[in-house]
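> Give me coordinates for this.
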Amino acid sequence: MEKRPHINPRLSSDPLRIGEADGAILRAVNRLQYMTAAQVSRLLYPDARDENRYVQRRLRRLAEAGYLLRLRELPSPRVGSAPHVFTLADRGRQYLSGRGVGLANMYYRPSEERRKAQDNPFIEHALAAVDVLVAAERLCHEAYVSMPNLRTERQLKRNPLRVQPVGRPDAPRTAVIPDAWFQLIVEGHPPASIALELDRSTEHQKHWRRKVASLAAWAIGPYQEAFETDNLTVAVVTPTAARREQLSRWTCQELEVAGHPDLAGIFLFTAASPITTPPKQFFFAPLWSPAGGTEPVSMLDAPSVVVNAGPDASPSPQWLDIDLPWGGGVQQEEARHDRQENKPLVRGPSEAPAAPKRDRSYVTWEEVRQEAE
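Numbers count the residues shown, from 1 in each chain. Modelled structure (predicted):
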């Protein structure tokens, strides 16, 4: 029997008229669990230059009417006021359910939400994951990309997959719960499945290597069947370049000891900020380093476009004509090809990982530039 969302009977009246903008905010908070005014503004009003004041007013209005739950303030910044964190409340859940929108979480207790929000590491980590997901959703609005599947950490915790870490027969079985898992479909390419790991420089080598051993076991074990996909990229976002190199080194060392150096290709590391880096650069620029690799690559391949295909061919999408400060060109494409050719498909436990045989029918950035000229 399907569980019905918990609705507070005291909120039966609806004194606030919810417009299109308010509905978009409620749907976004429903999908991403926790959001600040800055995150809502980046997602829904990326061109606004009002220091989030418009969104702050709408969030305050929705919270006062019971559609959103306003949680604690984050630590005060050096300049300006401390931002609040918001999550979906009773009225918001009722509003979305009445319009056929599925609730990301059926279970809701305001006291528990407030208690979790008092945990600084938890809420800061959760919001850092939301920053990446906001960038991914913005990419879907700005490019020929879609996101058919998204599971937040909270959703992944419902039915975690437990594995025996590779190369650690004496270790206990471990629940593997990434900070988020989502799929992005770039036009002209198969879905790319991404497990997100946010690093805040708090994990020591022992803990990180144990996590890598667990992720490797997850990738070649139950992952493929449970998530109905044949590929995986573990995207690790780090605060600094030094930390990126450190985690990359530890990852290679652990996989070598575990006897799975071939899985290094599924781990990508970046020190780029999802807040300050434009979404198209965050996902399509060579800002990611494979574990043990020297050449940076992009997380996603650019959409396939038609070049020099005659007068009836569709023109190249205008969004591809962007300034590429990193240089781009054939060298970047070769580096990406190298990574993809060495990247194993994620297979079942009885099959050894093998190199993929996938058609890579896309043009190089250099060709796109020449065509634009």
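> Let me know whether residue 46 touches residue 138 as I believe.
Yes - applying C-beta atoms under 8 Å as the test, residue 46 and residue 138 come out as touching, 6.3 Å apart. Placement of C-beta: from N, CA and C, glycine included.
> More neighbours: which of those two?
residue 138 (21 against 13; other C-beta atoms under 10 Å).
> Any buried residues in the helix or strand harbouring that one, and which?
Secondary structure assignment for residue 138, by DSSP states H and E: helix 120-142. Within helix 120-142, the residues scored as buried using 16 or more other C-beta atoms under 10 Å are 123, 125-139.
> Could you check how far the residue nearest the centre of the chain is from residue 282?
The centre of the chain sits closest to residue 133, judged by C-alpha atoms, centre = their mean, with a distance of 4.2 Å. Look at residue 133 and residue 282: by C-beta to C-beta, to the nearest Å, they are 12 Å apart.
> cool, residue 71 as well?
With distances taken as C-beta to C-beta, residue 71 is found 27 Å from residue 282.
> Give me the more crowded residue out of the two.
residue 282 (25 against 21).
> Might one say that the more buried one is in contact with residue 135?
Yes - in this structure, residue 282 is within contact of residue 135 by C-beta under 8 Å, at 5.3 Å.
> can you list residues touching both of those two?
Jointly contacting residue 282 and residue 135 under the rule C-beta atoms under 8 Å, 6 or more residues apart in numbering are residue 274.
> re the thing from before, report the contact partners of the residue nearest to the centre of the chain.
32, 150, 152, 180, 182, 196.
> Equivalent analysis for residue 127, please.
Counting by C-beta under 8 Å, 6+ apart, residue 127 makes contact with 34-36, 39, 74, 85.
> pLDDT at it, what is it?
We have a pLDDT of 95 for residue 127.
> Could you do residue 83 as well?
As predicted, residue 83 sits at a pLDDT of 84.
> count of residues packed around it?
Residues lying near residue 83 (other C-beta under 10 Å) number 18.
> swap in residue 207?
The local packing of residue 207 (other C-beta under 10 Å) involves 10 other residues.
> shouldn't residue 167 be in contact with residue 256?
No - Residue 167 is beyond contact range of residue 256, at 9.3 Å (criterion: C-beta under 8 Å).
> What ranges in the chain fall below the confidence cut-off?
Where the chain drops to pLDDT under 70, the residues are 1-15, 72-82, 304-373.
> still on that earlier bit, can you add secondary structure and give the contacts of residue 133 back as a markdown table?
Shown next, in a markdown table, are the contacts of residue 133 (DSSP: H, G, I helix; E, B strand; the rest coil):
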| residue | secondary structure |
| --- | --- |
| 32 | helix |
| 150 | strand |
| 152 | strand |
| 180 | strand |
| 182 | strand |
| 196 | strand |
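> Can you tell me which of these lies closest to residue 215?
Set against residue 215, the nearest of those by C-beta to C-beta is residue 196 (11.7 Å).
> So what's the residue count around that closest one?
Based on other C-beta under 10 Å, the number of other residues close to residue 196 is 21.
> give me every residue that touches it.
129, 132-133, 178-182, 235, 237.
> Quick check: the gap between it and residue 151.
Applying C-beta to C-beta, the value for residue 196 to residue 151 is 10 Å.
> For these two, list the residues in contact with both.
Common contacts of residue 196 and residue 151 (C-beta under 8 Å, 6+ apart): 180-182.
> Would you confirm that residue 23 belongs to a strand?
No - looking at residue 23 with three-state DSSP, it is helix, so not inside a strand.
> Can you give me the distance of it to residue 203?
Distance, residue 23 to residue 203, using C-beta to C-beta: 39 Å.
> Now do the helices in the stretch 1-150 of the chain.
Counting by DSSP state H, counting those that start in this stretch, one finds helices in the stretch 1-150 of the chain at the ranges 20-32, 37-44, 53-64, 90-98, 110-117, 120-142.
> got the ones you listed as CSV, with distance to residue 162 columns?
Formatted as CSV, those follow (distance: least, C-beta to C-beta, whole Å):
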stretch, distance to residue 162
helix 20-32, 26
helix 37-44, 32
helix 53-64, 38
helix 90-98, 31
helix 110-117, 23
helix 120-142, 22
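> Run through the strands of the stretch 201-350 of the chain in chain order.
Counting by DSSP state E, counting those that start in this stretch, the stretch 201-350 of the chain has strands at residues 233-237, 267-270, 289-290.
> could you redo those as CSV and give each row mean neighbour count?
Below are the strands of the stretch 201-350 of the chain laid out as CSV (neighbours: other C-beta atoms under 10 Å):
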stretch, mean neighbour count
strand 233-237, 24
strand 267-270, 25
strand 289-290, 24
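> Including distance to residue 143, could the ones you listed go into a markdown table?
Below are the strands of the stretch 201-350 of the chain laid out as a markdown table (distance: least, C-beta to C-beta, whole Å):
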| stretch | distance to residue 143 |
| --- | --- |
| strand 233-237 | 17 |
| strand 267-270 | 18 |
| strand 289-290 | 23 |
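> and the gap between residue 86 and residue 32?
Residue 86 is 10 Å from residue 32, by C-beta to C-beta.
> Among the shared contacts of residue 196 and residue 151, which one is most surrounded by other residues?
The residue in the shared contacts of residue 196 and residue 151 with the most neighbours, by other C-beta under 10 Å, is residue 180 (26 neighbours).
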